[in-house]
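**Q** Following is a predicted model, sequence given first.
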Amino acid sequence: MSTPRLQVIQDNEQHGAELAEFVRPLPHNIEAEQHTLGAVMLAPAALPEVRDLVAGPDFYRPAHGLIWDTIVGLADRGAPVEPVAVAAAIDPRDLATMGGAPYLHTLISQVLTATNATFYAHIVRDLAYARRVVASGTRLMQLGYAATGDTQDDLRGAVVAELAAATAAQGQGWTDPTPLSASTELPAFPVWAFPEWLGEYTAGLSEVTQTPPDLAGCLALAVLGVAAGGKVWARATTWTEPTNLFTLVVLPPGNRKSEVYKHMTAPIKAAEAALVEQARPLIADAVVARKVAEAAVEKTEKAATSAQDPTQQALARDEAASARLDLENTPIPAEPCLFSDDATVERLTSHVAEQGGRFAVLSPEGEIFSIAAGRYGGAPNLAILKSGHAGEEMRIDRMGRPSERIAAATITLGICTQPGVLTRLGETPQFGEQGLLGRLLYSVPTSLLGFRNAHPEPVPDHIRDAYSANVQAMVLSLAALPEPATLHFAPDAQAAILDLASEHEIRLRPGTGDLAHMTDWAGKFVGAVVRIAALLHLAQHIRDGWDRPITLATFTNARLIGEYFTLHAQAAYDAIGADPAVNDGRAVLEWIERSGTTRFTARDLMRSGLKNRFKKAADTEPALRVLETHGWIRRLPSPPNARNRPAAPAYEAHPDLTGSPSPSA
């Protein structure tokens, strides 16, 4: 048991140790400060990057802070920052105190290469932050000792303010990061870009059904595609586009999708009924002609088999062969059918062949995707959709069925699906690998559920009648064209196409382009705008649009719609998870938040809970590149290495990742 005297001695020793702890020098590194200053005077090009990391107060030695502020002041005026200029800009008394002009030359002489400037600047910055932490700790201790118990609210406020100041200092040199997810604030469909009769009905139907205008707007484009697909092509500059589209709207259940589909497709059904009525006499005549041809074949073949004389037998065979050719050239045309709401891949292919290469699937459900994924056949079958989007020739040979030849297959899709189906599209690898995802024009509107008006304004009769009459006229007039027509753009519209192509190309650049992760979709963007422009043109000139050039105004409206689809496609790809690098990047962010890591290397990721995701260091590069370009991490400069071996890259995490909401939210 300690005696009172021994206890006093022990207490004094402990107190002395505590005093020694507080009186020791604050964290600093004079050589790092010297190398930082010398590097920016030796190579002024390094100043902007170093300036993002440190400021005058970050230097431990006051003379170094003065030199830094002088260098920055000279650079801001466009003056040189070499030692002679810096020495001339410093007060002679201050210059003498720090060692005179020779000291500035000493700073440069210590620098082996200016490429290490940022490495040493990071050291200066980190030690300055460490000194701020020590100072904050001292002030917090003083606040604690000064507490009396009567001013707890004041104490808490002071502590919070002190901690906030320390945290703010940690964020020096960082900018606000960019979310990995697409913006939740997506634009509404620009119905004003439609011709007046179509825009008014689209807006009116959206109001009366209390649905987002995106649903009726995308379906309106699909309706135009039903009318024009396979009948009209658009000549851009050096290539030609068909006028069919694949539109996909994503809405949860309960959004009255079927009601919108019913009204939007009603004129198509009416036009189809008119086409059926027109075709009825032709089909009846073909049936009779077919029976006559079949009878002729039966008669001549019987005569050929019963003939005994070689000469008569030869003549009979010739007649039988001629009759067989006549039969093959006497097909019975299929009853006109413009679209279906559900079809297997095989039936869809037959529809396209029977309808002269043009057909559509318009449905408030996304069954076509599960069918294409192999619900019935077991394996994905995307051939008809791929060729049907591009207007390509198809040759189909199947066991037990006659061969089918389609000169130019054009399919239009007007589909609505649920968010869950959209996210599962990425689970069928062939959808991405074979380009189906890149052919869809996505719309991801905000549901109005919970905000619908119980007493909406009805659609005026004249607007509804104009829509019905114009769609039917468009379908019937284009169906009557004996051969497909080709639209051309006016000269200024052609120039606008080239301008769009040039501007859009930059967005595809790896590492910097905002569409670089979805080039399968973005690579078809300009062609999609050309198709939309052709459809808007035909809607503006219903009965003779194929004989007029597409104007610049029409192309400009099509471009507005194209930009709408671009933003929504980014959101859709985000939901699908079509970019593995972005998915891996989110996993790294979650690990940083969960572990509280501030600095790490690729090997740290491989040793963490992400080891199953990243098997080797090269696997981490795409994810780290995405996070770096979005501002969530930054690569730390490598330390000087006398052996000239490249050090493993290390990264620093954005301060907001500590205690902040998930960046992928």
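**A** In hand now; what should we look at?
**Q** which residues sit in contact with residue 327?
**A** 290, 293, 294, 296, 297 (CB atoms under 8 Å, 6 or more residues apart in numbering). For every residue, glycine as well, the C-beta is placed using N, CA and C.
**Q** Let's see that with 6 Å instead.
**A** For residue 327, the contacting residues are 293, 297, by CB atoms under 6 Å, 6 or more residues apart in numbering.
**Q** Counting neighbours, which bits of the helix or strand containing it end up buried?
**A** Following DSSP states H and E, one finds residue 327 within helix 310-328. Neighbour counts using 16 or more other CB atoms under 10 Å place 316, 317, 319, 320, 323, 326, 327 of helix 310-328 among the buried residues.
**Q** from those residues, which single one is nearest residue 221?
**A** Nearest to residue 221 among the buried residues of helix 310-328: residue 327, at 42.3 Å, using CB to CB.
**Q** what about the closest one, distance to residue 320?
**A** Distance from residue 327 to residue 320, counting by CB to CB, to the nearest Å: 11 Å.
**Q** Repeat that for residue 513.
**A** For residue 513 relative to residue 320 (CB to CB), the value is 66 Å.
**Q** what does residue 433 give?
**A** Counting by CB to CB, the gap from residue 433 to residue 320 is 50 Å.
**Q** Residue 500 too?
**A** With CB to CB as the criterion, residue 500 and residue 320 are 60 Å apart.
**Q** OK, contacts around residue 622?
**A** residue 581.
**Q** So that it lines up with my notes, have the first residue be 18 from now on.
**A** From this message on, residue numbering opens at 18, which makes the last subject residue 639.
**Q** Point me to the helix or strand that includes it.
**A** Using DSSP H and E, residue 639 falls within helix 634-646.
**Q** tell me which residues in that helix are buried?
**A** In helix 634-646, counting by 16+ other CB under 10 Å, buried: 637, 639, 640, 641, 642, 643, 644.
**Q** Check stretch 479-492 too.
**A** Neighbour count says stretch 479-492 has 480, 481, 483, 484, 485, 487, 488, 489, 491, 492 buried, by 16+ other CB under 10 Å.
**Q** so can I have JSON lines of the residues you listed showing distance to residue 55?
**A** Formatted as JSON lines, these follow (distance: CB to CB, whole Å):
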{"residue": "480", "distance to residue 55": "76"}
{"residue": "481", "distance to residue 55": "79"}
{"residue": "483", "distance to residue 55": "77"}
{"residue": "484", "distance to residue 55": "75"}
{"residue": "485", "distance to residue 55": "80"}
{"residue": "487", "distance to residue 55": "76"}
{"residue": "488", "distance to residue 55": "76"}
{"residue": "489", "distance to residue 55": "81"}
{"residue": "491", "distance to residue 55": "75"}
{"residue": "492", "distance to residue 55": "78"}
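**Q** Averaged pLDDT, the helix ranked longest in the chain. What do you get?
**A** Counting residues, the longest helix in the chain under DSSP state H turns out to be helix 274-323. Averaged across helix 274-323, pLDDT comes to 91.
**Q** what do you get for stretch 637-647?
**A** Here the average pLDDT along stretch 637-647 is 82.
**Q** chain center to it, what's the gap?
**A** Distance of stretch 637-647 from its chain centroid, counting by CA atoms, centre = their mean, to the nearest Å, is 16 Å.
**Q** quick one: residue 134 from residue 369, how far?
**A** Residue 134 is 65 Å from residue 369, by CB to CB.
**Q** what bits of this structure have low per-residue confidence?
**A** In the predicted model, the chain carries pLDDT under 70 at residues 18-40, 165-192, 195, 198-201, 390-397, 414-420, 528, 595-596, 655-665, 675-682.
**Q** Check which helix or strand the most centrally placed residue in it maps to.
**A** When CA atoms, centre = their mean is applied to the chain, the residue found nearest the centroid is residue 587 (2.5 Å). Secondary structure assigned from DSSP H and E places residue 587 in helix 569-593.
**Q** Please go through the protein and pick out the longest strand.
**A** Secondary structure assigned by DSSP state E gives strand 427-434 as the longest strand of the chain.
**Q** Can you check what angle separates that one from helix 274-323?
**A** 140 degrees (axes from the mean of the first three to the mean of the last three CA atoms, to 10 degrees).
**Q** From the contact counts, what lies against strand 427-434?
**A** helix 230-245, strand 263-267, strand 375-380 (3 or more CB pairs under 6 Å, 6 or more residues apart in numbering; DSSP states H and E).
**Q** one step back: name the residues of the helix holding residue 587 that come out as buried.
**A** In helix 569-593, counting by 16+ other CB under 10 Å, buried: 569, 571-572, 574-576, 578-579, 581-593.
**Q** returning to that earlier point: how about the buried residues of helix 634-646 in JSON lines, adding distance to residue 96?
**A** Output for these, formatted as JSON lines (distance: CB to CB, whole Å):
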{"residue": "637", "distance to residue 96": "44"}
{"residue": "639", "distance to residue 96": "43"}
{"residue": "640", "distance to residue 96": "43"}
{"residue": "641", "distance to residue 96": "39"}
{"residue": "642", "distance to residue 96": "38"}
{"residue": "643", "distance to residue 96": "40"}
{"residue": "644", "distance to residue 96": "38"}
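**Q** Which segments of this structure make up each domain?
**A** For the chain, automatic domain parsing gives the domain ranges 47-187, 208-298+351-590, 301-343, 597-674.
**Q** circling back: of the helices and strands packed on strand 427-434, which approaches residue 412 most closely?
**A** strand 375-380 (17.2 Å).
**Q** ok, and what's touching stretch 563-581?
**A** Residues contacting stretch 563-581 (CB under 6 Å, 6+ apart): 204, 207, 210, 249, 502, 504-507, 509-510, 513, 546, 549-550, 553-554, 558.
**Q** so after the helix holding residue 639, what's the next helix or strand?
**A** Helix 634-646 is succeeded, C-terminally, by strand 650-653 (DSSP H and E).
**Q** Just list what the following helix or strand past that next one packs against, helices and strands only.
**A** Going down the chain from strand 650-653, the next helix or strand is strand 667-670, by DSSP H and E. Under the contact criterion of 3+ CB pairs under 6 Å, 6+ apart, strand 667-670 touches strand 616-618, strand 650-653.
**Q** Let's have those strands in JSON lines, adding mean neighbour count and distance to residue 150.
**A** Formatted as JSON lines, the helices and strands packed on strand 667-670 follow (neighbours: other CB atoms under 10 Å; distance: least, CB to CB, whole Å):
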{"stretch": "strand 616-618", "mean neighbour count": "16", "distance to residue 150": "16"}
{"stretch": "strand 650-653", "mean neighbour count": "17", "distance to residue 150": "20"}
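**Q** closest to residue 255 out of those strands?
**A** That would be strand 650-653 among the helices and strands packed on strand 667-670, by CB to CB, at 41.8 Å.
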